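> Task: produce atomic coordinates for the following.
(2 chains)
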Number of protein chains: 2
Amino acid sequence: MTAATTTATTTTAAEPPEGYAPTDRTVPTRSRQRASYDRALVHAILDEGYVCHLGFIRDGAPVVLPTLYGRIGERLYVHGSTGSRPLRMAGARPGGEETAPGLPVCLTVTHVDGLVLARSAFHHSLNYRSVVVHGTAHQVTDPEELRTALDALVDQVVPGRSADSRPANAKELAATAVIRLDLEEVSAKVRTGGPNDDTEDLALPHWAGVVPVAPRTGVPVASADLDPSVALPSYLTAP
Amino acid sequence: MTAATTTATTTTAAEPPEGYAPTDRTVPTRSRQRASYDRALVHAILDEGYVCHLGFIRDGAPVVLPTLYGRIGERLYVHGSTGSRPLRMAGARPGGEETAPGLPVCLTVTHVDGLVLARSAFHHSLNYRSVVVHGTAHQVTDPEELRTALDALVDQVVPGRSADSRPANAKELAATAVIRLDLEEVSAKVRTGGPNDDTEDLALPHWAGVVPVAPRTGVPVASADLDPSVALPSYLTAP
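All right, here's what the predicted structure looks like:
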């Protein structure tokens, strides 16, 4: 999981290269051994989550907002209402042609896997997996792409759910805006393993190790007004 | 939890006001009823987490990185090494005087509480609590404040842990940098409750309700080289 240094240099139309090309801003200045550009690793980290933190610039200052995303191949879709500030700034991209400059963004997804407790305060750390995507986001205006993106957003949270819900109607589609960010300038960062205490600290009387952390999904709670004949779907009962 | 509209207008030196004053950038353009400026709510959301997403501008483009934070009163401390880019840009603040302009940042903390499944794809949502802090970060250079901040960073992850680990020595302190962001321009956003389906959708044959989500802490795994006489501390065994 750590420090995969993929350096794929060839590509074909049918098959994307195994890794994303590193750039100045995807090569970290520290803990460089934790960075990876491996496409499969990036996809796996993205597919395990559904909330990203989207960064953009507003009035010259940085803004970071949590929001939902969905992935289809090398495209990320981010949800918002048509009134939201980042979407207005992303502008339109009718018919796939870029008629607006788009919105420069940084999209980050993070999973915490463990608390790393070292004998020394200095070596305390976290086990985690994160993906950082840099690029320019554009509003999705093609009706077919918009429908596909909305399905992806719903299925990212609960796989299989979009096929078991009422699809958006024309009025809802008009009230929903989605921006698209292509996976081009991307890196992952992964830390695994136990604490890295200094040798002279190993005999200190402080517990050292890892406390695992993971999201827990609880028992689904049906709406009070749910028709009692509607059973809990299998995609919510699977372990 | 939702839409608390605190409008505290008075303050004393001993006791901060109950709420943060809203500003142009802390009043959302949508879902305004979910926004809150209540100080106790903001503190509670911050205290439940330890990972934030820190946004800043680098070479004119937004950057969002996950990192650890700790809170002491109305101050947030964010961890990094002295070589990291945001810390270098934050500059020094020796003796409490601002001799560097500091780094404009946006710091966001998000907790996901539930997946909200509606009959319609359009009304799918998340239950969540988030805090967004805008401001200018400065590097902590006062040795005493730096030590206190490092303790807060460790205790934010595992309360009580800083007292049960070897404190940082001079060499480690020199290799550690912490930036400080004061809680002044702050807002919380909270969504709770079930799906908000349209009345005409209530009889549709799709399950609707909430799937609770929460972080789960697993059984601590001791380092292989841990002295067997060191017991698991009580702050890790408490429920």
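
> Who is A:Leu117 paired with across the strands?
Beta-bridge pairing of A:Leu117 under DSSP bridges involves A:Gly209.

> That one contacts A:Gly194, doesn't it?
No. A:Leu117 lies out of contact with A:Gly194 (CB atoms under 8 Å); the separation is 9.2 Å. All C-beta atoms are positioned from the backbone trio N, CA, C, and that covers glycine.

> And the strands in chain A?
Secondary structure of chain A (DSSP state E): strands at A:35-36, A:51-58, A:61-72, A:75-81, A:103-117, A:125-139, A:176-182, A:185-191, A:209-217, A:221-222.

> From the contact counts, what lies against the second one?
Here strand A:51-58 touches strand A:61-72, strand A:75-81, helix A:85-90, strand A:103-117, strand B:51-58, strand B:61-72, strand B:103-117, going by 3 or more CB pairs under 8 Å, 6 or more residues apart in numbering or on different chains; DSSP states H and E.

> partners of it in the sheet?
Using DSSP bridges, strand A:51-58 pairs in its sheet with strand A:61-72 (antiparallel), strand A:103-117 (antiparallel).

> Could you give the average pLDDT over that strand?
Here strand A:51-58 scores 96 as its mean pLDDT.

> can you check the first one too?
Taken as a whole, strand A:35-36 has a mean pLDDT of 94.

> Also the fifth one?
Mean pLDDT, computed over strand A:103-117, is 97.

> one step back: more neighbours: which of A:Leu117 and A:Gly194?
When A:Leu117 and A:Gly194 are compared on other CB atoms under 10 Å in any protein chain shown, the one with more neighbours turns out to be A:Leu117, at 29 against 20.

> Roughly how far does the more buried one sit from B:Ser162?
Going from A:Leu117 to B:Ser162 by CB to CB, to the nearest Å gives 11 Å.

> for A:Thr237, same thing?
Counting by CB to CB - A:Thr237 and B:Ser162 are separated by 43 Å.

> Comparing those two, which residue is more hemmed in?
Taking neighbours as other CB under 10 Å, A:Thr237 and B:Ser162 compare with B:Ser162 leading, 21 against 10.

> Report the contact partners of that one.
Shown in contact with B:Ser162 (CB atoms under 8 Å, 6 or more residues apart in numbering or on different chains): A:121, B:150-152, B:154-155.

> in chain A, what secondary structure element scores lowest on mean pLDDT?
In chain A, no helix or strand scores lower on mean pLDDT, DSSP states H and E than helix A:85-90, which sits at a mean of 66.

> most distant residue from the middle of chain A?
The C-alpha centroid of chain A is most remote from A:Ala203, which lies 40.3 Å away (CA atoms, centre = their mean).

> So what's the residue count around the closest residue to A:His111 other than its chain neighbours?
Nearest residue to A:His111 in three dimensions, chain neighbours excluded: A:Arg129, at 4.8 Å (CB to CB, 6 or more residues apart in numbering or on different chains). Residues lying near A:Arg129 (other CB under 10 Å) number 23.

> With A:Ala214 as the reference, measure out to A:Arg129.
A:Arg129 sits 12 Å away from A:Ala214, going by CB to CB.

> So for these two, which residues contact both of them?
Common neighbours of A:Arg129 and A:Ala214 (CB under 8 Å, 6+ apart) are A:Asp113.

> which intervals of chain A have sub-threshold pLDDT?
A:1-16, A:80-100, A:238-239 (pLDDT under 70).

> Centre of the chain to stretch A:62-80, how far?
Stretch A:62-80 sits 7 Å away from the centroid of its parent chain (CA atoms, centre = their mean, to the nearest Å).

> What of stretch A:116-131?
For stretch A:116-131, the distance to the chain centre is 22 Å (CA atoms, centre = their mean).

> And stretch A:143-152, by the same measure?
Using CA atoms, centre = their mean, the offset of stretch A:143-152 from its chain centre is 18 Å.

> If you count neighbours, what's buried in it?
For stretch A:143-152, the neighbour count (16 or more other CB atoms under 10 Å in any protein chain shown) marks A:145-152 as buried.

> Strand B:125-139 and the helix ranked longest in chain A, what's the angle between them?
Secondary structure of chain A read by DSSP state H shows that its longest helix is helix A:143-157. Helix A:143-157 and strand B:125-139 meet at an angle of 80 degrees, taking axes from the mean of the first three to the mean of the last three CA atoms, to 10 degrees as the criterion.

> and helix A:143-157, what other elements does it pack with?
Where contact means 3+ CB pairs under 8 Å, 6+ apart, helix A:143-157 is packed against strand A:61-72, strand A:75-81, helix A:170-175, strand A:176-182.

> mind redoing it with 10 Å?
With contacts taken as 3 or more CB pairs under 10 Å, 6 or more residues apart in numbering or on different chains; DSSP states H and E, helix A:143-157 sits against strand A:61-72, strand A:75-81, helix A:170-175, strand A:176-182, strand B:103-117.

> so can I have CSV of the ones you listed showing distance to A:Thr23?
Listed next are the helices and strands packed on helix A:143-157 as CSV, based on distance: least, CB to CB, whole Å:
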stretch, distance to A:Thr23
strand A:61-72, 20
strand A:75-81, 17
helix A:170-175, 35
strand A:176-182, 14
strand B:103-117, 22
